[in-house]
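Novice: Mind folding the following:
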Amino acid sequence: MKIYQSCGELKIDSSYNEKILTPRVMLPNLKHNGSYEFTGVYNISNGKHYGVLGVLKINGEPNIDLREYKTDKIELTQIGGDIDLNRFSSFNGGLNFSNLDINKKVTFVCYHDDNFDYNNPDDYAILIYFQKKIDDTDNHLQYEKTKIDSKMWKIPDPKIGNGGVLTVDGCRF
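Specialist: Predicted coordinates:
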């Protein structure tokens, strides 16, 4: 499926050991009373950079590429509640969030796939793919389920795109 432009805030309060991620994703308003949800959220941090992948699902509407969804309004949408980063352990030898501080960045990837299954080897490979590709620059990720493509590019328009870097200062495109 597709990746959508993300933005948001990272709240770190060392006195309470609180590390909270509040992502928002640039999505169209659904016209048929549908709703968005994250069916899974995963730590995809690698050995150098922090990353989180949220698997997006649409309820009550057809599963289509939302960049082709005909609507008159696209806006930053918060899906579900805040994400507590302390609940994640490391994945595939990557970083956990115990050393995350206000000077670090987290790449949040919103991956749209209504049928994602962590236990399916092909879907598990998607987590490995993104883990290898995240970094803390202005580069973003591209992934098409039918073809793994390691190209990275800058996205000039936050209305469509491929991920986002979240910092304590908020959105950065």
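Novice: Spatially central residue in this structure, please.
Specialist: Geometric centre of the chain, nearest residue: Val109, 2.1 Å, by Cα atoms, centre = their mean.
Novice: any idea which helix or strand carries it?
Specialist: strand 106-112 (DSSP states H and E).
Novice: taking the mean pLDDT, what do you get for that strand?
Specialist: If you average the pLDDT over strand 106-112, you get 86.
Novice: And for stretch 36-45?
Specialist: Mean predicted confidence for stretch 36-45 is 94.
Novice: swap in stretch 71-84?
Specialist: 84.
Novice: can you list the residues that contact that stretch?
Specialist: With contacts defined as Cβ atoms under 8 Å, 6 or more residues apart in numbering, stretch 71-84 is touched by 7-8, 11, 19-31, 36-38, 41, 52, 54, 56, 159. Bear in mind the C-beta positions are built from the backbone N, C-alpha and C, glycine included.
Novice: List only buried entries from these.
Specialist: The neighbour count (16 or more other Cβ atoms under 10 Å) marks 7-8, 19, 21-28, 30, 36, 38, 41, 52, 54, 56 as buried among the contacts of stretch 71-84.
Novice: Would you map the helices across the chain?
Specialist: 121-133 (DSSP state H).
Novice: So for Asp13, what's the pLDDT?
Specialist: 82.
Novice: what's the neighbour count on it?
Specialist: Asp13 has 10 neighbours, counted by other Cβ atoms under 10 Å.
Novice: Compute the distance between it and Gly40, please.
Specialist: Note on Asp13: its distance to Gly40, by Cβ to Cβ, to the nearest Å, is 26 Å.
Novice: which residues of this structure score low on pLDDT?
Specialist: 1, 136-173 (pLDDT under 70).
Novice: quick one: Asp135 and Tyr50 touch, right?
Specialist: No: using Cβ atoms under 8 Å, Asp135 is not in contact with Tyr50; the gap is 10.3 Å.
Novice: so what's the nearest residue to Val52 once chain neighbours are set aside bridging to?
Specialist: Computed as Cβ to Cβ, 6 or more residues apart in numbering, the closest residue to Val52 that is not its neighbour in sequence is Phe108, at 5.2 Å. With DSSP bridges as the criterion, Phe108 is bridged to Val52, Gly164.
Novice: try the one 4 residues further on
Specialist: Partner residues in beta bridges with His112, using DSSP bridges, are Lys2, Leu56.
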